[in-house]
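**Student:** quick check, what structure comes out for this input:
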Amino acid sequence: MAGADTSGGVSADTEEPGAVMDALDEDELTATFTEDLWLDRLARKLGFGRLSEWLPGETPPSYLYALVLIGTIVPVLNGRAYLVGDPVVYLQNPFFVLQPIALLGAVYGSRALRRRYHQVTREMNIADRTRDPDKLIDIVPDWLPWAFFVSAVLLNYVRVLALGGPVAIYQDKGLSAVIGWMVVNPIWASIAAQFFAVYLSVELIAPWRLWRSDIGIDFRDPEGLGGLRPLGELIKHAYYYMVAGLIAFALVTYGPVLSVAEWGPTATTNVIFTTAWVATVATVAYGVFTLHRFMRREKRRELHRLKQVEQKYTDDPWDITAYTVSQDDQEMVDEIRQRMERVSATNEYPATFSIWSQLLVSIVLPKAAQLLIASV
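**Tutor:** Residues are numbered from 1 along each chain as shown. Presented below is the predicted three-dimensional model:
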């Protein structure tokens, strides 16, 4: 019945301000991400799962893996090297202390980004908006961390062979260096592999799968961003981790200039840093550009669809001087035009000066820091 009251006994004029918020399922929006990442599963196999269960709270095994190994390996190896007279990297370059800090940050960042993406999928209501939600919900392929880890370990051992093998490293740098190359570096590689797998999934895989999905965009979004602001903000936020990592990299590699250490940057160092910087810029550029193209495509499709519907109710729709709308169809045409205006008003991310300025500053900052430190 057209005049039926669907307000549940409370009229729109007398509805309390909190009623709308009470209707929202807060548990759905704030549900915590508790799934294990690849590094958590690896840590469980090494016994850190039992330690996590034994400790109070819900500390992920990957956190304990990083804290225990970094907190043990770094002081023990460097303490031994100092006592036997082997080179101690932290004395040669004090900025190297940023390496264990960055590794801990990478473990935290991996789970933080994955948890935030979980929140994004709930805010965007992905599960109810597409026929195949799993591709957009589970964005980190199981094989990706393994691919990064195996590649890093192989490159590490190739580097060992290039230095003459473990024996040559022992004769030149001592036992601590051999353990570092053969044991410690693969452990650090597992932490880095997890972070880069999550980071690239957010920056590359999620936008690519969104582009190929049938999810569309929400033209009723009050922010005027098609309901995609959560994902756009996450793409930007994820890049901030890389900005911090690149600045730490710059301090470690160019820091000896500031600390008057025994060794400093080379031409190869400059190439490596610039390559890493360009690669990270390319990832965030791809994510933002794909999101922009997706929104532009969906807007054009919807405007084209609405235009075709309008033409069915219009006489001489191609002639601006002659087209007419019958009285019976005028209300329908007005509704269609209102929808077209709403679609046209939807901005394409990134849409504001604030967003653009944040992206540009974060892109320039690592290279500026490198050039500044190198020029001192």
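**Student:** contacts and neighbour counts: CA atoms only from here.
**Tutor:** Will do.
**Student:** buried stuff in stretch 81-99?
**Tutor:** Using 16 or more other C-alpha atoms under 10 Å as the test for burial, stretch 81-99 gives Ala81, Asp86, Pro87, Val88, Val89, Gln92, Asn93, Pro94, Phe95, Phe96, Leu98.
**Student:** hmm, I typed the wrong one, I wanted stretch 32-50.
**Tutor:** Neighbour-count burial for stretch 32-50 [16+ other C-alpha under 10 Å]: Leu37, Trp38, Leu39, Asp40, Arg41, Leu42, Ala43, Arg44, Phe48, Gly49.
**Student:** what does stretch 56-64 give?
**Tutor:** Neighbour-count burial for stretch 56-64, counted by 16+ other C-alpha under 10 Å, picks out Pro60, Pro61, Ser62, Tyr63, Leu64.
**Student:** quick one: the strands in the stretch 201-350 of the chain, in order.
**Tutor:** For the stretch 201-350 of the chain, the strands defined by DSSP state E, counting those that start in this stretch cover 314-315, 324-325.
**Student:** can I get these in CSV with distance to Leu365?
**Tutor:** Below are the strands of the stretch 201-350 of the chain laid out as CSV (distance: least, C-alpha to C-alpha, whole Å):
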stretch, distance to Leu365
strand 314-315, 55
strand 324-325, 57
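**Student:** can you tell which of those is closest to Pro75?
**Tutor:** Closest to Pro75 of the strands of the stretch 201-350 of the chain, according to C-alpha to C-alpha: strand 314-315, at 78.9 Å.
**Student:** just the buried residues of stretch 56-64: which are in helices?
**Tutor:** Among these, DSSP state H puts Pro61, Ser62, Tyr63, Leu64 in helices.
**Student:** distance of Phe219 relative to Glu335?
**Tutor:** Distance of Phe219 to Glu335, computed by C-alpha to C-alpha, to the nearest Å: 15 Å.
**Student:** who's more crowded, those two?
**Tutor:** Phe219 (22 against 12; other C-alpha atoms under 10 Å).
**Student:** tell me the contacts of that one?
**Tutor:** Leu225, Gly226, Gly227, Arg342, Val343, Thr346 (C-alpha atoms under 8 Å, 6 or more residues apart in numbering).
**Student:** and for Thr314?
**Tutor:** Thr314 makes contact with Tyr323, Thr324, Val325, Ser326, according to C-alpha under 8 Å, 6+ apart.
**Student:** closest to Asn185 out of the buried residues of stretch 56-64?
**Tutor:** Ser62 (16.8 Å).
**Student:** okay, the closest residue to that closest one other than its chain neighbours and Val68: tell me how far apart.
**Tutor:** Closest residue to Ser62 apart from its sequence neighbours, by C-alpha to C-alpha, 6 or more residues apart in numbering: Asp40 at 4.6 Å. Distance of Asp40 to Val68, computed by C-alpha to C-alpha: 14 Å.
**Student:** check Ile247 too.
**Tutor:** Distance, Ile247 to Val68, using C-alpha to C-alpha: 26 Å.
**Student:** higher neighbour count, these two?
**Tutor:** Ile247 (18 against 12).
**Student:** ok, the most centrally placed residue in the chain - contacts?
**Tutor:** The centre of the chain sits closest to Ala238, judged by C-alpha atoms, centre = their mean, with a distance of 3.5 Å. Counting by C-alpha under 8 Å, 6+ apart, Ala238 touches Leu113, Tyr199, Val202, Glu203.
**Student:** isn't the first one up against Ala197?
**Tutor:** No: counting by C-alpha atoms under 8 Å, Leu113 does not reach Ala197; the two are 10.8 Å apart.
**Student:** low-confidence ranges in the stretch 151-300 of the chain?
**Tutor:** 256-265 (pLDDT under 70).
**Student:** can you give me the helices for it?
**Tutor:** Here the stretch 151-300 of the chain has its helices, by DSSP state H, counting those that start in this stretch, at 165-173, 175-179, 185-200, 206-211, 229-259, 267-312.
**Student:** got a pLDDT number for Gly8?
**Tutor:** pLDDT for Gly8: 40.
**Student:** all numbers from here: first residue = 600
**Tutor:** OK, 600 is where the count begins now, so the last one is Gly607.
**Student:** can you tell me the helix or strand for the residue nearest to Phe632 when sequence neighbours are not counted?
**Tutor:** Spatial nearest neighbour of Phe632, chain neighbours left out: Arg714 (5.3 Å); criterion: C-alpha to C-alpha, 6+ apart. Element membership of Arg714, judged by DSSP states H and E, is helix 697-722.
**Student:** export the very next helix or strand once past that helix as CSV, just CAs?
**Tutor:** Using DSSP H and E, the next helix or strand after helix 697-722 towards the C-terminus is helix 733-736. C-alpha atoms of helix 733-736 as CSV (Å, rounded to 0.1, in the frame of the first residue of the first chain):
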residue,chain,number,x,y,z
ASP,A,733,36.5,-13.4,-2.2
LYS,A,734,38.8,-12.0,-4.8
LEU,A,735,38.4,-8.5,-3.3
ILE,A,736,38.4,-9.7,0.3
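**Student:** pLDDT (mean, whole number) over helix 733-736?
**Tutor:** What helix 733-736 shows for mean pLDDT is 92.
**Student:** what residues are up against the spatially closest residue to Glu909 that is not a sequence neighbour?
**Tutor:** What sits nearest to Glu909 in space, not counting adjacent residues and going by C-alpha to C-alpha, 6+ apart, is Val932, at 6.0 Å. Val932 sits next to Glu909, Tyr912, Val924 when contact means C-alpha under 8 Å, 6+ apart.
**Student:** export those residues as JSON lines, with columns for pLDDT, neighbour count and distance to Ile768.
**Tutor:** Compiled in JSON lines, the contacts of Val932 are given as follows (pLDDT from 0 to 100; neighbours: other C-alpha atoms under 10 Å; distance: C-alpha to C-alpha, whole Å):
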{"residue": "Glu909", "pLDDT": "88", "neighbour count": "20", "distance to Ile768": "76"}
{"residue": "Tyr912", "pLDDT": "86", "neighbour count": "17", "distance to Ile768": "81"}
{"residue": "Val924", "pLDDT": "82", "neighbour count": "18", "distance to Ile768": "85"}
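**Student:** before I go, just wanted to say thanks for your time.
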